[in-house]
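> My questions are about this predicted structure, shown below with the sequence.
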Amino acid sequence: MSHPPRITDGHGVSEKLLEAAFKWDIERDSKVLVDRVFNKSPDEIDQIIERENFQNEKDFMKFLNEKISASADDFEFVNKKSCSNLFNANPNYISKLKKLSMDKDLKGTNMDNLLRIAETLNNVWGDIYVKQKENLSDYSTMLRVKNPFIIPGDRFRECYYWDSYWIIEGLLHTEMHKTAIGIVENFIYLLEEYGFIPNGLRKYYLNRTQPPYFPMMLFALYRHIPLAEISYVIKRGIKAAKIEHNFFMTYRKEIVEIEKGVFYTLNVHRVKTTTPRAESYKEDKVLAENNNKRIKEDIWTDIKSAAESGWDFSSRWMEDKLDLSTIKTSKIVPTDLNAIMYANELIISKLSEIVGDPFSRDAEYFKEISEKRLKAINTVLWNPAEGVWNDYDIERKKHTSTNFYASNIVPMCYGVSPPDTNITVYHILKKFEKEIFGHEGGMPVSGIENSESKEQWDYPNVWPPLVHIVAFFLERIGEREMAVHVARTLINSISISTSTVEDKMRGIFEKYNCEIVGDYGNKGEYLPQKGFGWTNGAAIHFLDQFSSELITEKSFEKLFENIREIISERIRNKCASENHTPEKCLLLNVRAPEPELTN
């Protein structure tokens, strides 16, 4: 792609329709409105609305249903019976559990329940597997793609960018390779067509992206599928990954001066805008109108920037931890984003090396810039006072997000070692042992000091993608007992939430509660969501990797105490994990599987 990215700040929806819904205080979720399939263009709807005289919500909904909306859906679910080749009723992780359930030494344990969880997770794919309708309306807000995809679920009725990384991990561990490849191909198309991957498959997302997990998706394909079968996808994908990297280095770049005359290049989430989010129009309008200290466009810029971060919303971004209007995402250099970019540069380098010419020069180039980023991460984002990485406030020239935020350990999880040689990963694990290992409901996204926060990316909420990142970091540095402990908390929550008889509490949730095992996470703009794509993906990966190890007769308290002792012993013995390298943490030395031999 040689043309600039197709970034637009419009909604792809009638502005006057959004204003009318706001004016008449329509109580329905704003997203439900903008996701409808319209039968007229936004300009035509604007003109029609000028002639209408709504008196109440009933009038508005009648107008919507009878005059401008064709239907409620622009997709259909993939039928398990007619498309049985796309599903796998008996993936390896389920076969393995079935065999183990017959083991006399495991009878009487919770093997049957673990098998029930595994089968439930596998069946859920059919509830969130969709394809776009062939005659998709030009006035739908859905962006067109070729292949079917997995949606998160509930109100999220389109493919989302960073969710899809964990979805793809789950699909690959279910041997649903065709679906995983198709989703990656969709993202390649989006990068080629728009120059970036939008937040989700909607026109109103065309001004922002999400955490850039595309190279990790590409590398996941390489790790699971013989290269000969996906060579074309990998080669096209490398080119697409370079497009995305250029987008971030052009439109999401921040040059930070720490010492006079010494500059470091890092990335930020910065979405320039003059409008509220279409899918949360009412919430953003109210937030801006109730604030008389900031320009409304600045608030909306920081709101959309936080939405791009995936952490929408968190006290992490706010000057006043309890006041969303003090959000300043665009002025913060995030630890996790730059750790992801570092990982991506190493992955692009590795894939370019594997594929060879004409990508050989890319292998050298991306390795070189990854080393520069590593230095920038450990200079700008490392906080010696805290002994961990923290976000960096550009305006105040100081670290923020101190105490525990899961984002602060993402550099460690992707193989970045502390610049202080007296500090090892075990010191960081010790510092946060309660947050990472000490809650029976799982690792919260931030510490208990944020318990009064009204935002969903704060305590006590447990987010499965972050649990997945931390668990596999621990497994890859050789701390399997710790890894299983972290993974088990999510599996235990899913066990309870899929077996309870109360409908409201039953399901696979977007997030959970660290204080109550099996309880869904709350707070934020919308009600608890079921489905759920990334929870499914993370949990399936755990089941495949750890299987019967997820069962234990020991109490949670005993397990936690055991882990605390292990960490303390590692520190006493001055252990520094030899496996804590980018190569191990990112699996860069893993070779693609060999093709199966056929007779």
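That came in fine, so what should we check first? Residues are numbered from 1 along each chain as shown.
> residues near the nearest residue to Trp311 once chain neighbours are set aside, how many?
What sits nearest to Trp311 in space, not counting adjacent residues and going by CB to CB, 6 or more residues apart in numbering, is Trp457, at 4.3 Å. Yep, even glycine has a C-beta here, placed from its N, CA and C like the rest. Here the number of neighbours of Trp457 (other CB atoms under 10 Å) works out to 28.
> For Val233, list the residues it contacts.
For Val233, the contact set (CB atoms under 8 Å, 6 or more residues apart in numbering) comprises 181, 184-185, 188, 218, 221.
> I'd like these as CSV, with secondary structure and distance to Lys375 appended.
Converted to CSV, these look like this (DSSP: H, G, I helix; E, B strand; the rest coil; distance: CB to CB, whole Å):
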residue, secondary structure, distance to Lys375
Ile181, helix, 36
Val184, helix, 31
Glu185, helix, 35
Ile188, helix, 31
Leu218, helix, 26
Leu221, helix, 30
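> of these, closest to Ile243?
If you rank these by distance to Ile243 using CB to CB, Ile188 comes first, at 9.3 Å.
> pLDDT weak spots in this protein?
Along the chain, the parts satisfying pLDDT under 70 run over 1-3, 27, 70-72, 107-109, 597-599.
> where do the strands sit along it?
For the chain, the strands defined by DSSP state E cover 37-38, 69-71, 75-77, 129-132, 149-150, 253-259, 262-267, 332-333, 382-383, 388-389, 392-393, 398-399, 461-462, 512-513.
> now these as JSON lines including mean neighbour count?
Listed next are the strands of the chain as JSON lines, based on neighbours: other CB atoms under 10 Å:
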{"stretch": "strand 37-38", "mean neighbour count": "20"}
{"stretch": "strand 69-71", "mean neighbour count": "15"}
{"stretch": "strand 75-77", "mean neighbour count": "16"}
{"stretch": "strand 129-132", "mean neighbour count": "20"}
{"stretch": "strand 149-150", "mean neighbour count": "28"}
{"stretch": "strand 253-259", "mean neighbour count": "13"}
{"stretch": "strand 262-267", "mean neighbour count": "17"}
{"stretch": "strand 332-333", "mean neighbour count": "26"}
{"stretch": "strand 382-383", "mean neighbour count": "20"}
{"stretch": "strand 388-389", "mean neighbour count": "28"}
{"stretch": "strand 392-393", "mean neighbour count": "22"}
{"stretch": "strand 398-399", "mean neighbour count": "16"}
{"stretch": "strand 461-462", "mean neighbour count": "26"}
{"stretch": "strand 512-513", "mean neighbour count": "26"}
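> out of the ones you listed, which comes closest to Asp163?
Nearest to Asp163, of all these, is strand 149-150, at 8.4 Å by CB to CB.
> Direction included, what does the closest one pair up with?
strand 129-132 (antiparallel) (DSSP bridges).
> now what about the partner strand, what contacts it?
By CB under 8 Å, 6+ apart, strand 129-132 touches 74-78, 86-87, 142, 144-145, 147-151, 157, 179.
> Buried only: go through those for me.
With burial judged by 16 or more other CB atoms under 10 Å, the buried subset of these is 74-75, 78, 86-87, 142, 145, 147-151, 157, 179.
> Tell me the spacing between the closest residue to Pro582 other than its chain neighbours and Trp311.
Excluding the flanking residues, the one nearest Pro582 by CB to CB, 6+ apart is Gly415, at 3.3 Å. The spacing between Gly415 and Trp311, counted by CB to CB, to the nearest Å, is 22 Å.
> Tell me which of the two has more neighbours.
Neighbour totals were compared for Gly415 and Trp311, and Trp311 leads with 26 against 23 (other CB under 10 Å).
> Would you mind listing the residues in contact with the residue nearest to Trp311?
For Trp457, the contact set (CB under 8 Å, 6+ apart) comprises 311-314, 316, 445-446, 463, 524.
> what do you get for Phe60?
Taking CB under 8 Å, 6+ apart, we find Phe60 in contact with 20-21, 24, 26, 54.
> hmm, try it at 6 Å
Listed by CB atoms under 6 Å, 6 or more residues apart in numbering, the contact set of Phe60 reads 24, 54.
> Please enumerate the helices of the stretch 51-200 of the chain.
Taking DSSP state H, counting those that start in this stretch as the test, the helices found in the stretch 51-200 of the chain are 57-63, 92-101, 111-128, 163-172, 177-194.
> just how off-centre is the fourth one within its chain?
By that I understand helix 163-172. In this view, helix 163-172 has its centroid 10 Å away from the chain centroid, taken as CA atoms, centre = their mean, to the nearest Å.
> name the helices or strands packed onto it?
Packing contacts for helix 163-172, counted by 3 or more CB pairs under 6 Å, 6 or more residues apart in numbering; DSSP states H and E, involve helix 177-194, helix 214-224, helix 533-546.
> got the contact list for Lys367?
Residues near Lys367 by CB under 6 Å, 6+ apart: Ser349.
> Now render the contacts of Trp457 as CSV, adding distance to Phe404.
Shown next, in CSV, are the contacts of Trp457 (distance: CB to CB, whole Å):
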residue, distance to Phe404
Trp311, 14
Asp312, 19
Phe313, 17
Ser314, 12
Arg316, 11
Val445, 9
Ser446, 6
Trp463, 14
Gly524, 19
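> Please produce a PyMOL select command covering the buried subset of these.
Only the buried entries of those go into this PyMOL selection, using 16+ other CB under 10 Å:
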select buried, resi 311+312+313+314+316+445+446+463+524
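> Pick the one among the contacts of Trp457 closest to Ile45.
Using CB to CB, Asp312 comes nearest to Ile45 of the contacts of Trp457, at 27.5 Å.
> how near is that closest one to Tyr459?
From Asp312 to Tyr459 the distance is 16 Å (CB to CB).
> What of Met249?
34 Å.
> Which one's more surrounded, these two?
Using other CB under 10 Å as the criterion, Met249 and Tyr459 rank with Tyr459 on top: 25 against 13.
> Isn't that one up against Glu449?
No - with contact defined as CB atoms under 6 Å, Tyr459 does not count as touching Glu449 (7.7 Å).
> Out of the helices and strands packed on helix 163-172, flag the one nearest Ile477.
Nearest to Ile477, of all the helices and strands packed on helix 163-172, is helix 533-546, at 14.5 Å by CB to CB.
> other SSEs contacting that closest one?
helix 111-128, helix 163-172, helix 464-476, helix 480-497.
> May I see those helices organised as CSV, with mean neighbour count and distance to Ser453 added?
Output for those, formatted as CSV (neighbours: other CB atoms under 10 Å; distance: least, CB to CB, whole Å):
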stretch, mean neighbour count, distance to Ser453
helix 111-128, 19, 29
helix 163-172, 27, 23
helix 464-476, 24, 16
helix 480-497, 22, 21
